[in-house]
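**Student:** compute the structure for the input listed below.
(chains A and B)
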Amino acid sequence: MMINPVIENIRRSLGRTAQISSPQGTLLSLHPAICEPRLPKSVDSEIEYFLSEIKKLSGIGQRLSADKIADAVKILVSEHNIQKATIWDTPYLKQLGIADSLRSLGVELISPNANKHDMALCDLGITEADYLLPETGTLVLRSSVEKPRGVSLLPRIHLAVIRPEMLRADMHQVFAEAKDSRYLVFITGPSRTADIELTVTLGVHGPKNLYVWMIDG
Amino acid sequence: MNRATQPYIGFEEYSEHVPQSIPLAVQQATSRFVSGRAARVAELPQWEELRQIGSDIRQHTMENMDVYLTRLEAALQSAGGHVHWAEKAEDARRIVLQIAKEHNVKTAVKSKSMATEEIELNHALEAAGIQAIETDLGEYIIQLAGTGPSHIIVPAVHLKKEEIAALFSEKLDIHAPADPIELARIAREVLREKFLHAEMGISGGNFLIAETGTLVMVTNEGNGRMCTTMPDLHVAVVGIDKVVPDWESLTVFLKLLARSATGQKLSTYTQFITGPRRAEGEFGPEEFHLVLLDNGRSKILKDPVGRDVLKCIRCGACANVCPVYKNVGGFAYGSFISGPIGAILSPQMLGTQTARELPYASTLCGACADVCPVKIPIPTILRHLRRRVAQGDEFSALTVPVPIRVAAMFASIALAWNWIYRLGARLLPVINPFFRRNGWLSGMPYPLSRWTKVRPLPPFTARFRRWWNVRSAKWKDST
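**Tutor:** Purely as a prediction, here's the structure:
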């Protein structure tokens, strides 16, 4: 095996006399507090908590029943003059019929696996979320061929369609379930910067508008 | 950075020539971040506990850095990523250039990264004919302007919107209005093209999770996601001090970082990247390379006092509260990292000869240590480094001028024997008449002139003990 000079330097600095393969001293027992879970309240109050955090972040969140989705799509399309959109290829989003609503309004739909140049021209990207963190108003998205990364990033508007079952108490729970993911992203509000004279500006590289529809009922 | 070519950091000289606009702009930023941080910290009753845990995890990780880095390498390789080890800055540059050459890269998009600043990667890329574009809005602006960062979080805060508009108009050959929102829109448009066409994305990283070989990146604008999602090739250059044992430990740092840095609960985008994409339609790079950068960190690990600097999570909270930083801004620190953390990192990385003024760029007020999310005892390390500067270390021999050394020798004798101290105190008033002007002492000879050229001294009186005795007797009577 090739000798790694960096590891060698570290061992010398630490005064190691022999190579070790497991850490010395304890890690988790040092701090039981990090494992202490947050206790979630009722589903209803967790939903309200989540949506109130989204609002603080300049996102637009609302609770919707499944039969009101077509109306909401119609309002969104006319408000933002949406011509072109893309949507994750998941059974739940198919079941809600969002793609059909968009098509009936004359919106051009492209595949979520389309090349990046096409996707960059989309006005709207629609995803689900895998988990939701109410404390911070965070959407957690895993990635796969059906749920590609570009849909929540390239279009100027991102709409996440979510359900109460996605709520988790805290980061610990999410990591316990998702740490095997090859790619995971926490989205906490729309893209923002304050780099010019500390003026908060939304949508500098990522989406300018973040919509969150909580489907319950 | 190459020790042979790194120029001397003349903090004192720089700080005397800071334009007035810089402290004003910097203080606008720091006061915003300080109040934002305070508000977020107040929401978390367990904040102090979290800081201690964060510090303990860092301590444990430092003491086992070889073990965790070895785990990280194995985990990332099994996820299909490539791992490279760079002992020195030039090794890291060579590795990145080699990868770029193999993939015939002409344009690279960069997400803000301290590690690539540290190794001066942009120069190396440009010298090899590769265009390297900074894509964080603030970094993009200062790259166009050809200057360094004045603040770790908002690097272009020293530039007014009119100056940025003029810069955009000149460099991009457009008419740019002096409006922050319009300017951000222009940058979005220009950089969007770059993201879509660049062959390589270059990033740093906030953390590396040993457990699964995962790179964690925290950003607000989304340029970090672009750089790691759009090009087919992603190269991350990350310091070895960024490793954390596992996801459970990471939760602590994610809770500490954004709150300390910008006063957000979490930054807008936190990405967890474990190797390259699995399938084409998913987006993300086909090839993922991690360059693990030592560049003196393993040597710092040997110093039991100084090594706490490696606990840093680069939030910038120490700079935001530092009275020295707030008056000179980031440039005066002469390195990729400024503020109190720069004052303790640069001398250890570049040597106490090159950066010997930096440990003195502090009032030792301790505000930095109070806000540090991982409890780095910055004032203690500053004093430790002042001793290294004075007494010499492995980088350089003694650097103190002879008069100061002689004065320090006398002072140490006087302070060691009480009677000498008292005698000296009685004798000092003898010199008063020679320098007394309007009841104050001024115009004294070197080295005391270093004080009196700035402000006068009160005359020596040797009355403190008497004053104290009277005072304490009164205090006793009154209770």
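
**Student:** residue of chain A nearest chain B, please.
**Tutor:** A:Gly206 (2.7 Å; CB to the nearest CB). The way it works is simple: take the backbone N, C-alpha and C, and place the C-beta from them, glycine included.

**Student:** tell me how many other residues surround that residue.
**Tutor:** 29 (other CB atoms under 10 Å in any protein chain shown).

**Student:** that one touches B:Gly222, doesn't it?
**Tutor:** Yes - with contact defined as CB atoms under 8 Å, A:Gly206 reaches B:Gly222; the gap is 2.7 Å.

**Student:** shared neighbours, these two?
**Tutor:** A:153, A:191, B:268-269 (CB atoms under 8 Å, 6 or more residues apart in numbering or on different chains).

**Student:** which two of the residues you listed have the greatest separation?
**Tutor:** In terms of CB to CB, the shared contacts of A:Gly206 and B:Gly222 reach their longest pairwise distance at A:Leu153 and B:Thr268, which sit 11.5 Å apart.

**Student:** for the chain, longest helix please?
**Tutor:** You didn't say which chain, so I picked chain A. Looking across chain A with DSSP state H, the single longest helix is helix A:43-56.

**Student:** wrong one, I was asking about chain B
**Tutor:** helix B:21-43.

**Student:** between the helix or strand following that helix and helix B:21-43, how many degrees?
**Tutor:** Next helix or strand after helix B:21-43 toward the C-terminus (DSSP states H and E): helix B:47-63. Helix B:47-63 and helix B:21-43 are oriented at 110 degrees to each other (axes from the mean of the first three to the mean of the last three CA atoms, to 10 degrees).

**Student:** can you work out which residues contact both of A:Leu153 and B:Thr268?
**Tutor:** Overlap between the contact sets of A:Leu153 and B:Thr268, as judged by CB under 8 Å, 6+ apart, is given by A:206, B:222.

**Student:** spell out which parts of the stretch 251-400 of chain B neighbour chain A.
**Tutor:** Contacts of the stretch 251-400 of chain B with chain A, taken as CB under 8 Å from any CB of the partner chain, map to B:251-252, B:254-255, B:264-275, B:277-284, B:292, B:294, B:298-299, B:301-302.

**Student:** for A:Leu121, give its distance to A:Ile10.
**Tutor:** Relative to A:Ile10, A:Leu121 is positioned 49 Å away (CB to CB, to the nearest Å).

**Student:** between the two, which has more neighbouring residues?
**Tutor:** For A:Leu121 versus A:Ile10, neighbours defined as other CB under 10 Å are more numerous around A:Ile10 (25 against 15).

**Student:** got phi/psi on the more buried one?
**Tutor:** phi -60, psi -40 (degrees, to the nearest 10).

**Student:** do the same with A:Thr193
**Tutor:** Torsion angles, degrees, to the nearest 10, at A:Thr193: phi -150, psi 160.

**Student:** what about the strands in chain A?
**Tutor:** Under the criterion DSSP state E, chain A contains strands at A:60-64, A:84-87, A:108-110, A:124-127, A:131-133, A:138-142, A:157-162, A:183-187, A:192-193, A:201-202, A:209-215.

**Student:** residues of the first one that come out buried?
**Tutor:** Neighbour counts over strand A:60-64 (16 or more other CB atoms under 10 Å in any protein chain shown) mark A:61, A:63-64 as buried.

**Student:** partners of that strand, with directions?
**Tutor:** strand A:209-215 (parallel) (DSSP bridges).

**Student:** could you dump the partner strand to CSV, C-alpha only?
**Tutor:** This file holds the C-alpha atoms of strand A:209-215, laid out as CSV (Å, rounded to 0.1, in the frame of the first residue of the first chain):
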residue,chain,number,x,y,z
ASN,A,209,-40.1,32.2,-5.7
LEU,A,210,-40.8,29.2,-3.5
TYR,A,211,-44.3,27.9,-3.2
VAL,A,212,-45.2,25.1,-0.8
TRP,A,213,-48.6,23.4,-1.0
MET,A,214,-49.4,21.2,1.9
ILE,A,215,-52.0,18.7,0.8
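
**Student:** okay, angle between that strand and strand A:138-142 too, please.
**Tutor:** Here strand A:209-215 runs at an angle of 80 degrees relative to strand A:138-142 (the same axes, to 10 degrees).

**Student:** related to what we said a few turns ago, buried subset of the residues of the stretch 251-400 of chain B next to chain A?
**Tutor:** Here, 16+ other CB under 10 Å leaves B:251-252, B:254-255, B:264-275, B:277, B:281-284, B:292, B:294, B:298-299, B:301 buried among these.

**Student:** between the shared contacts of A:Gly206 and B:Gly222, which is nearest A:Thr86?
**Tutor:** A:Thr86 lies nearest to A:Leu153 out of these, by CB to CB, at 11.1 Å.

**Student:** how close does the closest one sit to B:Val371?
**Tutor:** 33 Å.

**Student:** give me the more crowded residue out of the two.
**Tutor:** Higher neighbour count among A:Leu153 and B:Val371: A:Leu153, with 26 against 22, using other CB under 10 Å.
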